[in-house]
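>>> Sequence and predicted structure below; questions after.
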Amino acid sequence: MVSIEYSLLKLMMCSLIRVLFIFLVDGKGLARVIVRLTNLSDLTGSKEQ
């Protein structure tokens, strides 16, 4: 039981580290996502006003 939970936790950590590594390597993609998020927040803000 404990070994199954440990392996699952290890798998989640590995995937999380991989995603962070991809974000660090692909800086342009991350910046593009941030710009997209800020644009979405600006759109919602303008709709509220």
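Looks like it came in fine.
>>> and the longest helix for the protein?
For the chain, the longest helix by residue count, based on DSSP state H, is helix 2-25.
>>> give me the number of residues near the residue nearest to Leu30 when sequence neighbours are not counted?
Counting by CB to CB, 6 or more residues apart in numbering, the nearest residue to Leu30 once its immediate chain neighbours are dropped is Phe23, at 4.9 Å. The way it works is simple: take the backbone N, C-alpha and C, and place the C-beta from them, glycine included. Applying other CB atoms under 10 Å, we find 12 other residues in the vicinity of Phe23.
>>> swap in the one 5 residues further on?
Here the number of neighbours of Lys28 (other CB under 10 Å) works out to 7.
>>> Equivalent analysis for the one 5 residues further on, please.
Using other CB under 10 Å, Val33 has 12 neighbouring residues.
>>> And Leu30, by the same measure?
Using other CB under 10 Å, Leu30 is surrounded by 13 other residues.
>>> what's the pLDDT at it?
At Leu30 the predicted local distance difference test score is 71.
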